[in-house]
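Q: Sequence first, predicted model second:
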Amino acid sequence: GDVLYVPRHWWHYAVAVTPAISVNLWMPHADDARERVNEALVRLVVSAGVGAAGPELVNPEEDLPSPGDALRALQQALMAVRGEDGPDISGVVRSLTHPDAIAT
């Protein structure tokens, strides 16, 4: 069989051109929780702005969350990193969770 190693943060797209069995394995990394915050921030920005610009800007295999769902995902990701060393982002969280910030 073949193995394709994709380094962390590399965007990739793979297609089997003949019948095949594909297996994906994600190795745990110390920065996973923080990376989920980054991903949640991107999803929030995309769902609040770019999503209205056109579906061609979004992965066709993925459903675009509503801004409210994206904000909830961000809150969950932020809760997962509490207690880890990192910058104080409480002001950002307060501004994002203000009722006027995003209409759900």
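A: Here it is on my side, so go on. Numbers count the residues shown, from 1 in each chain.
Q: pLDDT weak spots in the protein?
A: 50-58, 83-104 (pLDDT under 70).
Q: Show me the residue at the heart of it, geometrically.
A: residue 39 (2.7 Å; Cα atoms, centre = their mean).
Q: For it, give me phi and psi.
A: Per-residue torsions, residue 39: phi -60, psi -40 (degrees, to the nearest 10).
Q: Report the separation between it and residue 62.
A: 12 Å (Cβ to Cβ, to the nearest Å). Glycine gets a C-beta too; all of them are placed from N, C-alpha and C.
Q: do the same with residue 14
A: 16 Å.
Q: and what of residue 27?
A: Counting by Cβ to Cβ - residue 27 and residue 62 are separated by 22 Å.
Q: now residue 28
A: 23 Å.
Q: And the two? Which one has more around it.
A: A count of neighbours by other Cβ atoms under 10 Å puts residue 62 above the other of residue 28 and residue 62, at 8 against 5.
Q: Who are the contact partners of the more buried one?
A: Residue 62 is in contact with no residue at all, counting by Cβ atoms under 8 Å, 6 or more residues apart in numbering.
Q: any idea which element it lies in?
A: Using DSSP states H and E, residue 62 maps to neither a helix nor a strand.
Q: so is residue 47 in a helix, a strand, or just coil?
A: helix (DSSP: H, G, I helix; E, B strand; the rest coil).
Q: Contacts only, for it.
A: 64-67, 69-70.
Q: neighbours around the closest residue to it other than its chain neighbours, how many?
A: Leaving aside its sequence neighbours, residue 47 sits nearest to residue 70 (Cβ to Cβ, 6 or more residues apart in numbering; 4.4 Å). For residue 70, the count of nearby residues is 23 (other Cβ under 10 Å).
Q: okay but residue 70 is in contact with residue 39, surely?
A: No: here residue 70 does not reach residue 39: they are 10.2 Å apart, not a contact under Cβ atoms under 8 Å.
Q: In CSV, list the C-alpha atoms belonging to the helix or strand containing residue 33.
A: Residue 33 belongs to helix 32-45 when assigned by DSSP H and E. Output in CSV follows, covering the C-alpha atoms of helix 32-45 (Å, rounded to 0.1, in the frame of the first residue of the first chain):
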residue,chain,number,x,y,z
ASP,A,32,-4.8,21.1,18.9
ALA,A,33,-7.0,23.0,21.3
ARG,A,34,-5.6,26.4,20.2
GLU,A,35,-5.9,25.4,16.5
ARG,A,36,-9.5,24.7,17.1
VAL,A,37,-9.9,28.3,18.3
ASN,A,38,-8.2,29.5,15.0
GLU,A,39,-10.5,27.3,12.9
ALA,A,40,-13.6,28.5,14.9
LEU,A,41,-12.5,32.1,14.3
VAL,A,42,-12.2,31.5,10.5
ARG,A,43,-15.6,29.8,10.4
LEU,A,44,-17.1,32.7,12.3
VAL,A,45,-15.7,35.3,9.8
